[in-house]
Each structure stands twice: as structure tokens, then as C-alpha cells.
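J.: Predicted model and sequence below, questions to follow.
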Amino acid sequence: DTGVSQDPRHKITKRGQNVTFRCDPISEHNRLYWYRQTLGQGPEFLTYFQNEAQLEKSRLLSDRFSAERPKGSFSTLEIQRTEQGDSAMYLCASSFFGIQETQYFGPGTRLLVL
Amino acid sequence: TQLLEQSPQFLSIQEGENLTVYCNSSSVFSSLQWYRQEPGEGPVLLVTVVTGGEVKKLKRLTFQFGDARKDSSLHITAAQPGDTGLYLCAGARTNFGNEKLTFGTGTRLTIIP
């Protein structure tokens, strides 16, 4: 299967701990997106990369959040000093930049902060 | 702030019935996507509509993009239990790729056998 993969699928952590999530996009895709989805809501945009460049960050992305895509392939999303409000599903999507591109989503990482 | 409002939020109907889900906004989008999401999984793309007034059919699903590209609808004919899921509309604002998608609030559909 060559779809978008995310690791881990589930993460339980205590408040104040740091967590890191990984996303592996579809191999030929040059754009990678991170979204956050809380219970009962649609996903909300966090940030996106084109190759290794981070082109936009949402105001939702506080300074405790950092995302990287060092070689333009996989990406990591780190949350420092987690808070209970960070509990959500973190979704990654990838696409190939062009006219009417389509974003393909991974299965998500569900984070629970106790 | 969700710029796309979906209605209804919840819908539970009997197998074989027809239904329509609406996605409305005051903003214009260059394209609009519909996704279906199963519990614990990421959204799966169903269709992309681009042109105002466009209608696309996917088996028993019919998608329409409003003339002004501000709203969309999803109509399911003869619903089946396999149609159960969370339906999300998502709008993009650029003609050069989706960039950030703005998602609707979602419609949770349950088809009762």
C-alpha cells in the first residue's frame, strides 16, 4: 500500500510531556499538510510544506508546536509541554502541486493528554 | 471558525430511502471536495467539483456545486448501510492547488438496515 502513513496511530501522554508524530506522504507528492480534528468537528488546517519549505502556519499552531520536513519527504509534528486541550486527532495529507490537486489523507494519530 | 456549514449535523434513515446533505458558505471557493470519514480513520475523497453549477455522479451519489460556488449538496439515492459515516465538505480557495482546505462541520449519517 503506497498511501499516506502516520505513526503512531494512538498516543497517550501526561500533561507537560513532549510528543512527536511522523507522517510519510505518497512518494511523488511534494506538498504535505497537517490538520487537527477534535471530536465532533471537521479537520482544521495547521500548516503545510512544499518540498522542505514550510509555506503557511495557522494561528492554531502555538509556539509549543513545531513541524519539519527536512528532506522534503517525511514530516514530523512535535508538541512540547502538552496540555489537555491538545487532545485531538492529528491528520496528515499529501498532494502533488498542480492545477486542481487532490489531498490524500493518512489514518491520523489520535492523541490523548491526561 | 468554520466557514462551511453543513446540514443536517446528524441524519438517521432507513435503508432504501433517499437523502440530501447540504454544505453552505458565504465565501466563494475555487473548488469543493466531499470526503467520507470512518471512525478512527482519515477522510477519504469522494469527489471534487470545480465549475459553478457542476453536477457529478458517483454510482448512487450525486454531487452539485452551486452556481456561485458558495454551496454544494450531496444526494444519496437508495441509501445502504455501507453509506454510514461522517460526510465532510471542504473548500479550497486557489486555482493553483488546494493549499489549505476549509472543512465543514460534518454530517454524521446512519443507515438503519
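T.: Everything's here; your move.
J.: Can you report how many residues lie near residue B:22?
T.: 16 (other C-beta atoms under 10 Å in any protein chain shown). C-betas here are computed from N, CA, C, even on glycine.
J.: Quick one, grab the pLDDT at it.
T.: At residue B:22, the model reports a pLDDT of 97.
J.: and the gap between it and chain A?
T.: 14 Å (C-beta to the nearest C-beta, to the nearest Å).
J.: partners of whatever helix or strand that residue lives in, with directions?
T.: In the assignment (DSSP states H and E), residue B:22 maps to strand B:19-24. Strand pairing for strand B:19-24, using DSSP bridges, gives strand B:5-7 (antiparallel), strand B:71-76 (antiparallel).
J.: and among those, the most buried is which?
T.: strand B:71-76 (a mean of 20; mean count of other C-beta atoms under 10 Å in any protein chain shown).
J.: what about the helix or strand following that one and chain A, any contact?
T.: Under the assignment DSSP H and E, the closest C-terminal helix or strand after strand B:71-76 is strand B:85-92. Yes - using C-beta under 8 Å from any C-beta of the partner chain, a contact is recorded between strand B:85-92 and chain A, made by B:88, B:90.
J.: so where's chain A shaky on pLDDT?
T.: Along chain A, segments meeting pLDDT under 70 span A:1, A:99-100.
J.: Within range of chain B, give me the residues from chain A.
T.: Going by C-beta under 8 Å from any C-beta, the residues of chain A near chain B are A:4, A:31, A:33, A:35, A:40-45, A:48, A:56, A:58, A:91, A:93, A:95, A:97-108, A:110.
J.: Could you rerun that using 7 Å?
T.: A:41-43, A:45, A:48, A:56, A:91, A:95, A:97-103, A:105-108 (C-beta under 7 Å from any C-beta of the partner chain).
J.: Counting neighbours, which of these end up buried?
T.: Among the residues of chain A next to chain B, those that count as buried by neighbour count (16 or more other C-beta atoms under 10 Å in any protein chain shown) are A:41-43, A:45, A:48, A:91, A:95, A:101-103, A:105-108.
J.: which of the residues you listed lies closest to residue B:3?
T.: Looking at these and their distance to residue B:3, the nearest is residue A:42, at 10.5 Å (C-beta to C-beta).
J.: quick one: contacts for the closest one?
T.: By C-beta atoms under 7 Å, 6 or more residues apart in numbering or on different chains, the residues touching residue A:42 are B:2, B:88, B:103-106.
J.: contacting residues for residue 111?
T.: Reading this off chain A. With the criterion set at C-beta under 7 Å, 6+ apart, residue A:111 makes contact with A:11, A:19, A:86-88, A:90.
J.: right idea, wrong chain: chain B
T.: Counted by C-beta under 7 Å, 6+ apart, residue B:111 has contacts B:13, B:15, B:79-81, B:83-84.
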